[in-house]
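*Asks:* Based on what follows, work out the 3D shape:
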Amino acid sequence: MQKTIKRIAITGPESTGKSRLAKELADYYQTVWVSEYAREYLNKLNRPYNYNDILEIAKKQLENENQLLAKANRFIFCDTDFTVTKIWCNFKYNKCHKWIEEQFDTHKYDHYLLCNIDLPWEYDPQRENATERKELFEIYLTTLKTANYPFSIINGEGSLRILNAREFIDNSFVSK
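*Replies:* Residues are numbered from 1 along each chain as shown. Next up is the predicted model:
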């Protein structure tokens, strides 16, 4: 009998606590999480990234997710998804790779946790949209609604954010 794993995408603008949320949810539910490959990729890049780099990042992100799926227990928490790479391409370059668009349409998650912008911005040399967070959040919200994907907005600072996400997961998946 094959185990059923719920794929949970943690998505949203920069500096909204996605990585922490993915890690802490995975710890709590005793499963694995897929780290954001973009950070690793960009740290190794000895030049400014370009449009084609986002495609490479998206492909490796999916590969990492598929590899970790075998180790998952009930859930796999994905720190980023095709919503991120789709919006990143469109926002930065006003176009998106066909492959990313296709993956966004076909590689669906059981639920998306959309991290709100209610956390203070934290500087990071890889972050570039400190003043566009509200605009980007609205783009994420519209993108998920238009695609008719199941999502919840996750609010709260620190442990409250984690508790809000856990409450949603428990009510939606654990108690059923």
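*Asks:* how near is residue 94 to residue 126?
*Replies:* Counting by CB to CB, to the nearest Å, the gap from residue 94 to residue 126 is 21 Å. (Glycine included, C-beta is placed from N, CA and C.)
*Asks:* next one: residue 47
*Replies:* Applying CB to CB to residue 47 and residue 126 gives a distance of 14 Å.
*Asks:* Between residue 94 and residue 126, which has more neighbouring residues?
*Replies:* Between residue 94 and residue 126, counted using other CB atoms under 10 Å, the more crowded position is residue 126 (12 against 7).
*Asks:* So for the top helix by length along the chain, what gets flagged as buried?
*Replies:* The helix spanning the most residues in the chain, taking DSSP state H as the definition, is helix 51-69. Counting neighbours by 16 or more other CB atoms under 10 Å, one finds that the buried residues in helix 51-69 are 54-55, 57-59, 61-62, 64-65, 68.
*Asks:* And for stretch 12-25?
*Replies:* Quick answer for stretch 12-25 (16+ other CB under 10 Å): 12-18, 20-25.
*Asks:* what residues does it touch?
*Replies:* The contact list for stretch 12-25 (CB atoms under 8 Å, 6 or more residues apart in numbering) reads 8, 10-11, 33-36, 75, 77-80, 113-117, 119, 121-122, 124, 127-130, 132-133, 136-137, 140, 154, 161-162, 165-166, 169.
*Asks:* got it, and stretch 122-133?
*Replies:* When contacts are defined by CB under 8 Å, 6+ apart, stretch 122-133 is touched by residues 13-16, 38-39, 42-43, 91, 117, 121, 136.
*Asks:* what about that stretch, how long is it end to end?
*Replies:* End-to-end distance for stretch 122-133: 12 Å, by CA to CA, to the nearest Å.
*Asks:* ok, residue 163 - contacts?
*Replies:* Contacts of residue 163 by CB under 8 Å, 6+ apart are residue 156.
*Asks:* Please confirm that it is located within a helix.
*Replies:* Yes - counting by DSSP: H, G, I helix; E, B strand; the rest coil, residue 163 is located in a helix.
*Asks:* Just the pLDDT for it.
*Replies:* As predicted, residue 163 sits at a pLDDT of 96.
*Asks:* just residue 2 next, same as before
*Replies:* 55.
*Asks:* mind listing the helices for this protein?
*Replies:* 18-28, 37-44, 51-69, 82-93, 98-106, 133-147, 159-169.
*Asks:* For the second one, which helices and strands make contact with it?
*Replies:* To tie it back to what came earlier, the one meant is helix 37-44. Applying 3 or more CB pairs under 8 Å, 6 or more residues apart in numbering; DSSP states H and E, one finds that helix 37-44 contacts helix 51-69.
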